[in-house]
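[1] I'll drop the sequence and a predicted model, then ask my questions.
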Amino acid sequence: MRHLRRHHPEGPFSLAMLAERTGVSKRTLASAESADGTNLTIETLVKVAHSLGIERWAYFLDEQVFQQVNAELEAVGELRRHGVESISLRTRAPQPGGLAPEQMSELLKGIINAASRARESLRDTSAAADDSARQASPDRLT
């Protein structure tokens, strides 16, 4: 749970913020993260997961789901860091040889990074063109 609080795209979240968001006491959440690792009920785990936008509550119970969700959250965080506000995705029945969530995440990161580099390149080109235009037409003194 601590990893999720610290690395969530909307976070990081303090225990107090997570408690407010989930309706679970701060003390209960702190106990779950402590070295003693107080066990939470499935109901509480589901509350925490859903309050953070994770529909697969097995996130807390299954290592593979944990890895998949973290890869997806990382991709969302990367999108937000690059100013992407929305993305349109289509779903269809899985086909043999389709991309795994981790591969899709890496593909999206590559696309985002390429778009970011292209945007910077356009800014640099635009700035250079503005400089050239200023040099070509000297200011007139009146």
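    Nice, I can see it. Here the structure is a predicted model, which is why all the values come from computation and not from measurement.

[2] which parts of stretch 77-92 are buried?
    78, 79 (16 or more other Cβ atoms under 10 Å). All C-beta atoms are positioned from the backbone trio N, CA, C, and that covers glycine.

[3] contacts for that stretch?
    Applying Cβ atoms under 8 Å, 6 or more residues apart in numbering, the contact partners of stretch 77-92 are 7, 9, 108, 109, 112, 113, 115, 116.

[4] Restricted to buried residues, select the residues you listed in ChimeraX.
    Per 16+ other Cβ under 10 Å, the buried members of the contacts of stretch 77-92 correspond to this ChimeraX selection:
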select :9,108,109,112
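
[5] out of the contacts of stretch 77-92, who's nearest residue 44?
    Closest approach between the contacts of stretch 77-92 and residue 44, by Cβ to Cβ: residue 7, at 20.4 Å.

[6] Please determine how far the residue lying closest to the closest one once chain neighbours are set aside is located from residue 123.
    Nearest in space to residue 7, with sequence neighbours left out and distances taken as Cβ to Cβ, 6 or more residues apart in numbering, is residue 73 at 6.6 Å. Residue 73 sits 29 Å away from residue 123, going by Cβ to Cβ, to the nearest Å.

[7] and what of residue 83?
    In terms of Cβ to Cβ, residue 83 sits 13 Å off from residue 123.

[8] if we can go back for a sec, the residue nearest to residue 7 is in what secondary structure piece?
    helix 63-81 (DSSP states H and E).
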